[in-house]
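Participant: just a sequence and a predicted model for now, questions to come.
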Amino acid sequence: MSNSNQITRPHAALIHLSVSVAISAALFCFFYFVWYPSQLLRAVGGLEIFIVLLCVDTILGPLMTFVVYKPGKRWLKLDLTIICTLQFLALIYGVSTLYAGRPVYIAALGHRFDVVQANEVESIDSQDALPELPIWGPVWVGTRRPSAPAERERAINAALAGADIGHFPRYHQPLADMRDEILRGASPISDLKKFNLDRSNDIDQWLIARGHTSQDSVFQGLRARHSDMAVMIDAKTGNIIGIAPFRPWE
């Protein structure tokens, strides 16, 4: 009777796979809805990191269990402990990498928006006392240009290196204070359709799903590390409609 109750190799691997899939699904939901919302997982290249994490956690772990598992094996518990430990360490590494690279600000510059990641702020603004960076998702902010000549020069040098004024929290201001400037720097949706000739209908459907049309909306480009996208804006109020996965420029 005891043999009939033993867990078989396929059953052990299936249990491991089920647990791994459940953990991966929970992590993906957290990443997608909290740390990397509104297309940002793709925009900053976090999706590729998560896919690697998914392969290690969901495929490699259960596969190793299938290889080493044998009912009654002398060192079975040790083998399974080593596998789970390695899998856990890989999971911690992947999560910490995604945490360090999480978007913390979406900064309006007037003519476009920049996605600012946590590790970019720490490396660019290291000579300043850093504020506590957002943990539960990115914050939309406006920016102001520095007034002192030395600060302007520093900002220009940083921009040439790929980090504009939005990467410096000291120059942030409420997004609402830039409403008129953002609307002046925005472009009509017809321009967005020119940059995405084969996706004109997708643009219309994206707006309709959010209660807007091409006539009452404008856009600005969103610059990100991996994929640039479009920030859709209400043409009357200047309120942000959302981030859309369309190419915002040539």
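Facilitator: Sure, I can see it.

Participant: what's in contact with the host helix or strand of residue 87?
Facilitator: If you go by DSSP states H and E, residue 87 is part of helix 76-100. For helix 76-100, the external contacting residues (Cβ atoms under 8 Å, 6 or more residues apart in numbering) are 20, 23, 27, 31, 35-36, 46, 49-50, 52-53, 56-57, 60-61, 64-65, 68-70, 73, 118-119. The C-beta positions use only the backbone N, C-alpha and C, and glycine is treated the same way.

Participant: check stretch 50-66 too.
Facilitator: Against stretch 50-66 from outside (Cβ under 8 Å, 6+ apart): 9-10, 12-14, 16-17, 20-21, 23-24, 27-28, 31, 41, 80, 83-84, 86-87, 90-91, 94-95, 98.

Participant: hmm, back to that, which ones among the contacts of helix 76-100 are found in helices?
Facilitator: Members of the contacts of helix 76-100 lying in helices (criterion: DSSP state H): 20, 23, 27, 46, 49-50, 52-53, 61, 64-65, 68, 118-119.

Participant: so which of those residues is the closest to residue 131?
Facilitator: residue 118 (11.7 Å; Cβ to Cβ).

Participant: who touches stretch 232-246?
Facilitator: The contact list for stretch 232-246 (Cβ under 8 Å, 6+ apart) reads 38-40, 42-43, 106, 140, 175, 179-180, 182-183, 186, 192, 195-196, 199, 202-203, 206-207, 210, 212, 215-220, 222, 227, 229-231.

Participant: let's see the ChimeraX selection covering just the buried ones among these.
Facilitator: Selection of buried members from those for ChimeraX, criterion 16 or more other Cβ atoms under 10 Å:
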select :38,39,40,42,43,106,175,179,182,183,186,192,195,196,199,203,206,207,212,217,218,219,220,222,227,229,230,231
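
Participant: just the ones of the contacts of stretch 232-246 in helices?
Facilitator: 40, 42-43, 179-180, 182-183, 192, 195, 202-203, 206-207.

Participant: would you check which pair of those residues lies furthest apart?
Facilitator: Taking Cβ to Cβ, no two of the ones in helices among the contacts of stretch 232-246 sit farther apart than 42 and 180, at 30.9 Å.

Participant: shaky segments in this structure?
Facilitator: Along the chain, segments meeting pLDDT under 70 span 1-5, 122-130, 158-162.

Participant: just the buried subset of the ones in helices among the contacts of helix 76-100, please.
Facilitator: Among the ones in helices among the contacts of helix 76-100, those scoring as buried are 20, 23, 27, 46, 49, 50, 53, 61, 64, 65, 68, 118 (criterion: 16+ other Cβ under 10 Å).
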